[in-house]
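S.K.: Mind folding the following:
(one chain, ligands or ions: 1)
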Amino acid sequence: MDSVTFLGTGGGRFVLLTQRRFSGGLWLELDGVRFILDPGPGALVRALQFGKDPGRLDCVLASHKHLDHYNDVEVMVEAMTHGLNRRKGLLAVHEGVVEYISDYHWNSVETIVVSEGGSFEVGDVHVDAIPTVNHVGGVGFRFACSRGVVTYSGDTGYDKRVVRHYGGSRVLVLNTIFASGTRSPTHLNTDDAVEIASQAKPELLIINHFGVRMLREGPEKEAERITEEAGVRVVASADGMTVDLEDLSIMGQGGI
Ligand SMILES: [Zn+2]
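M.R.: Below you'll find the model as predicted:
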């Protein structure tokens, strides 16, 4: 099944450290290719918990050098290569992440150093690295497969230049750490998500990567507000939630 599963939906250090929301990143299955994207702390545990087999991974991706996005990269490389015994799969990380990966792991797989504007193929899936702004330096990813385009914003501030890269998405996952009214140049809030939804018009917008204050406000309530204001279907991510890319139906939305 072509799908996107959320192995973690938390953002910010306090949510990470309490595991109030998990931090395992996203698991994508597109045209038979399995990706883990931004495997933060606990990604291996969450993958197993949600019935995913990391031994069948084809690609490990990390968007930037923050712990909640790259912590379990080496663990996932070991799983993908069956304990580094088989040279299989691809490791694709933003240039800022490279120094955090041991030589031992780096030399055990095919690697790609990703920067804004770059692209590569994994099986039949075309992956573009798209820009982010005002954050630590990093990228988002845009996956083009037979089911359409799935776009992941990565951590970014709001900028029209970035939003252009979200156009034509069937599914757009936006790392929306803050609720409405909490302004930050480095991360998106719900007001930014309304702007982005209005411009990019994805078939399904998923807000994700929630901070403490966002969780207090209620991501589901914020998602409803974006739908009302932008006229786009919006869902708040939940740990263990899966989106079926055939019909964009959602399983496990109630969380665990
Ligand atoms: Zn983050």
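
S.K.: For Ile256, report the pLDDT, please.
M.R.: Reported pLDDT at Ile256 in the predicted model: 60.

S.K.: Going forward, count from 44.
M.R.: With the count now opening at 44, the last piece we talked about shows up as Ile299.

S.K.: contacting residues for Phe49?
M.R.: 69-70, 251, 280-285 (C-beta atoms under 8 Å, 6 or more residues apart in numbering). Where C-beta positions appear, they are placed from N, C-alpha and C, glycine not excepted.

S.K.: do you know how far the residue of the chain most remote from its centre is from the ion?
M.R.: Most distant from the centre of the chain: Asn128, at 27.8 Å, with distances by C-alpha atoms, centre = their mean. Asn128 is 32 Å from the ion, where distance means C-beta to the ion, to the nearest Å.

S.K.: Could you do Phe221 as well?
M.R.: Separation of Phe221 from the ion (C-beta to the ion): 12 Å.

S.K.: picking that back up, let me know the pLDDT of the residue farthest from the centre of the chain.
M.R.: 92.

S.K.: Helix or strand: which one has it?
M.R.: Assessed by DSSP states H and E, Asn128 sits outside every helix and strand.

S.K.: Can you pull the phi/psi pair for the residue nearest to Phe65 when sequence neighbours are not counted?
M.R.: Once flanking residues are discounted, Phe65 sits nearest to Gly51: 3.9 Å by C-beta to C-beta, 6 or more residues apart in numbering. Main-chain dihedrals, Gly51, degrees, to the nearest 10: phi -170, psi 150.

S.K.: What residues are bridge-paired with Gly51?
M.R.: Ser66 (DSSP bridges).

S.K.: Any chance of CSV for the contacts of Phe49, columns pLDDT, secondary structure and distance to Gly166?
M.R.: Output for these, formatted as CSV (pLDDT from 0 to 100; DSSP: H, G, I helix; E, B strand; the rest coil; distance: C-beta to C-beta, whole Å):
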residue, pLDDT, secondary structure, distance to Gly166
Leu69, 98, strand, 17
Trp70, 98, strand, 16
Asn251, 98, strand, 25
Ser280, 98, coil, 25
Ala281, 97, coil, 28
Asp282, 97, coil, 27
Gly283, 97, coil, 26
Met284, 97, coil, 24
Thr285, 98, strand, 20
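
S.K.: what number of residues lie near Leu55?
M.R.: No, residue 55 isn't Leu; it's Gly. Gly55 has 19 neighbouring residues, counting by other C-beta atoms under 10 Å.

S.K.: Please determine how far the closest residue to it other than its chain neighbours is located from Val275.
M.R.: With sequence-adjacent residues excluded and distances taken as C-beta to C-beta, 6+ apart, Gly55 is closest to Gly254, at 3.8 Å. Separation of Gly254 from Val275 (C-beta to C-beta, to the nearest Å): 22 Å.

S.K.: which parts of the one helix or strand Leu91 maps to are buried?
M.R.: Per DSSP H and E: Leu91 is located in helix 86-92. Buried residues in helix 86-92, defined by neighbour count with 16 or more other C-beta atoms under 10 Å: 86-87, 89-90.

S.K.: Repeat that for stretch 190-206.
M.R.: In stretch 190-206, the ones that count as buried by 16+ other C-beta under 10 Å are 190-201, 205-206.

S.K.: So Glu265 lies in a strand, does it not?
M.R.: No: read with DSSP: H, G, I helix; E, B strand; the rest coil, Glu265 is helix and lies in no strand.

S.K.: That one reaches Arg259, doesn't it?
M.R.: No: the criterion here is C-beta atoms under 8 Å, and Glu265 misses it with Arg259 at 10.9 Å.

S.K.: Around the ion, pick out the residues from the stretch 94-243 of the chain.
M.R.: 111, 198 (C-beta under 5 Å from the ion).

S.K.: what are the ranges of the helices in the stretch 94-243 of the chain?
M.R.: Ranges of helices within the stretch 94-243 of the chain are 110-113, 116-123, 146-149, 203-206, 233-243, based on DSSP state H, counting those that start in this stretch.
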